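>>> Here is my input, please return the structure:
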Amino acid sequence: MGMTDIKQQIFQELASLDETVSKLRSAAVAAGKQTDLEVAILTQQVKNLREKNAGAVDMIDRSLELLKKLK
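Got it, this is the predicted structure:
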C-alpha cells in the first residue's frame, strides 16, 4: 500500500468518523425523550465510534512511523 493510499484511507476514516459523530450528536439531543432500548442502542453506537476512532489513531500512528522511516 503506497503512501497516497494510506493517506486516502486515513482521510476516508476521519470523514466517516466525522459523519458518525454528527449523527450521534443529533441523536443525543433527542436522547432525553428516548426509551431505555434506544438509549442502549445509542450507548452501543458510541462504543463502536470509540473503537473506530482508536483504529484510525492506530493507522495514523503507523503511517507516521512509516513516514519517519522513509525520511
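
>>> Poorly predicted segments of this protein, please.
Applying pLDDT under 70 to the chain flags residues 1, 31-34.

>>> 50 instead?
Judged against pLDDT under 50, the chain has no low-scoring part.

>>> Where do the helices of it begin and end?
Applying DSSP state H to the chain gives helices spanning 3-29, 36-70.

>>> With mean neighbour count added, can I get the ones you listed in CSV?
Placement of C-beta: from N, CA and C, glycine included. Listed next are these as CSV, based on neighbours: other Cβ atoms under 10 Å:
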stretch, mean neighbour count
helix 3-29, 12
helix 36-70, 12
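
>>> hmm, who's touching stretch 63-71?
Met3, Ile6, Lys7, Ile10 (Cβ atoms under 8 Å, 6 or more residues apart in numbering).

>>> The same query, at a cut-off of 6 Å, please.
Ile6 (Cβ atoms under 6 Å, 6 or more residues apart in numbering).

>>> That one: how far from the chain's middle?
23 Å (Cα atoms, centre = their mean, to the nearest Å).

>>> ok, now stretch 37-45?
17 Å.

>>> Repeat that for stretch 16-31.
With Cα atoms, centre = their mean, you get 12 Å for stretch 16-31.

>>> Dump the C-alpha coordinates for that stretch into PDB.
The C-alpha coordinates for stretch 16-31 follow below in PDB (Å, rounded to 0.1, in the frame of the first residue of the first chain):
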ATOM      1  CA  SER A  16     -16.600   8.600   8.200                       C
ATOM      2  CA  LEU A  17     -15.900   9.300  11.900                       C
ATOM      3  CA  ASP A  18     -17.000  12.900  11.500                       C
ATOM      4  CA  GLU A  19     -20.200  11.900   9.800                       C
ATOM      5  CA  THR A  20     -20.900   9.400  12.600                       C
ATOM      6  CA  VAL A  21     -20.200  12.000  15.300                       C
ATOM      7  CA  SER A  22     -22.600  14.400  13.600                       C
ATOM      8  CA  LYS A  23     -25.400  11.800  13.600                       C
ATOM      9  CA  LEU A  24     -24.700  10.800  17.200                       C
ATOM     10  CA  ARG A  25     -24.800  14.400  18.300                       C
ATOM     11  CA  SER A  26     -28.200  14.900  16.600                       C
ATOM     12  CA  ALA A  27     -29.400  11.700  18.300                       C
ATOM     13  CA  ALA A  28     -28.100  12.800  21.700                       C
ATOM     14  CA  VAL A  29     -30.100  16.000  21.500                       C
ATOM     15  CA  ALA A  30     -33.300  13.900  21.500                       C
ATOM     16  CA  ALA A  31     -32.000  11.200  23.800                       C
END
